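J.: What follows is a predicted protein model with its sequence.
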Amino acid sequence: MAPDGHCWDCGEPQPAYRAHIETTLAAGAAGVSDRGKQRGVNADAMTLTAAGAWTIGVVCDGVSMSPRADRAARVAADVGAARLRAGLREGALPETVLVDAAARAGRAVGALAVSVDQAPACTYVAGIAGPEGIWCAWIGDSRAYWLPDDGTCLALTEDDSGRHDALTAWLGADADEPVASVRGYRPPGPGRLLLCTDGLTRHLPEAEGLRAVLARRGRTTPVGHRLLEDARVLVGYAMDAGGQDNITALLIRVGDTDHRELPASAPYRDSCHHGKRRFF
């Protein structure tokens, strides 16, 4: 590497810290995060962990207009995942621990602020998968999707956004203590739970479109590496489409479960739009 930070051989600049990250979990999950083509810093963050039969994923997207957005996302993902792991090990209900984990992540991000006017901020989406089904919780516009091997794909989250797609909820000291919306689903068959940031969904907003991109790849990859390859394919699609933003795709493999369904919920909310209930 030359003193100016460029490669002696190819002339390309040295990759920034966390420019491209890949992670896998033996329980059946993988994620890829990339800085994209037009951002100097990767302000997305993801965490994968497990608690007994539960597989846990958290994805966060630093709000670009806030200071230390990358730090906010990293702290939120780590704190949220740690609380989910501890709560599920203790036998807490999925809905309860998802809301608690998001609240703790929000307090941790809020503690990073020098003042309300200098407040790091990020969005948040968490997903858990176990023998009883899948659940997700979100604050902001990072999303969760159910991509079954067969059957109808589902968007599990609804963006917290208003006019011109401006965020109406996020984590940070300048937020109004948002409470996570929670949704649960018990799939009738196997598939993948996808957690992702808007760097992907600006190019692939529909659930069926996401699965179609993966289907075009075929199934030549060994089983043990398919989820990582799937995540790479999704991130690669967004890169090929321009890569205007940071891009993160995290996939959790879900096996056969029963056919019962769980109602959506937004605990402790009565009047705002997060409180709308949905049944799948």
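T.: Looks like it arrived, so ask away. As the structure is a prediction and not an experimental result, all values here were calculated from the model.

J.: Tell me which residue is most central in this structure.
T.: Centroid-nearest residue in the chain: residue 59, 3.0 Å away (criterion: Cα atoms, centre = their mean).

J.: isn't that one right up against residue 142?
T.: Yes. Assessed by Cβ atoms under 8 Å, residue 59 is found in contact with residue 142 at 5.6 Å. Placement of C-beta: from N, CA and C, glycine included.

J.: shared neighbours of these two, which are they?
T.: Contact criterion Cβ atoms under 8 Å, 6 or more residues apart in numbering; residues shared by residue 59 and residue 142: 124, 125, 195, 196, 197.

J.: Reformat the residues you listed as JSON lines; add distance to residue 208.
T.: JSON lines is the format used below for the shared contacts of residue 59 and residue 142 (distance: Cβ to Cβ, whole Å):
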{"residue": "124", "distance to residue 208": "25"}
{"residue": "125", "distance to residue 208": "20"}
{"residue": "195", "distance to residue 208": "18"}
{"residue": "196", "distance to residue 208": "15"}
{"residue": "197", "distance to residue 208": "19"}
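
J.: Averaged pLDDT, stretch 57-73. What do you get?
T.: Across stretch 57-73, pLDDT averages out at 95.

J.: Pull out the buried positions in it.
T.: 57-63, 66-73 (16 or more other Cβ atoms under 10 Å).

J.: can you pull out the helices in the stretch 151-280 of the chain?
T.: Per DSSP state H, counting those that start in this stretch, the stretch 151-280 of the chain carries helices over the ranges 198-201, 207-217, 226-240.

J.: Now those in TSV, please, with extra columns for mean pLDDT.
T.: TSV is the format used below for the helices of the stretch 151-280 of the chain (pLDDT from 0 to 100):
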stretch	mean pLDDT
helix 198-201	97
helix 207-217	94
helix 226-240	96
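
J.: returning to that earlier point: return the set of residues that bridge with the residue nearest to the centre of the chain.
T.: In this entry, residue 59 is beta-bridged to residue 46, residue 125, by DSSP bridges.

J.: show me what contacts it?
T.: 31, 44-46, 77, 124-126, 142, 195-197, 248, 250.

J.: Please indicate which of those residues has the highest neighbour count?
T.: When the contacts of residue 59 are compared by neighbour count (other Cβ atoms under 10 Å), residue 44 ends up highest, at 35 neighbours.

J.: pretty sure it is in contact with residue 250, am I right?
T.: No. With contact defined as Cβ under 8 Å, residue 44 does not reach residue 250; the gap is 10.1 Å.
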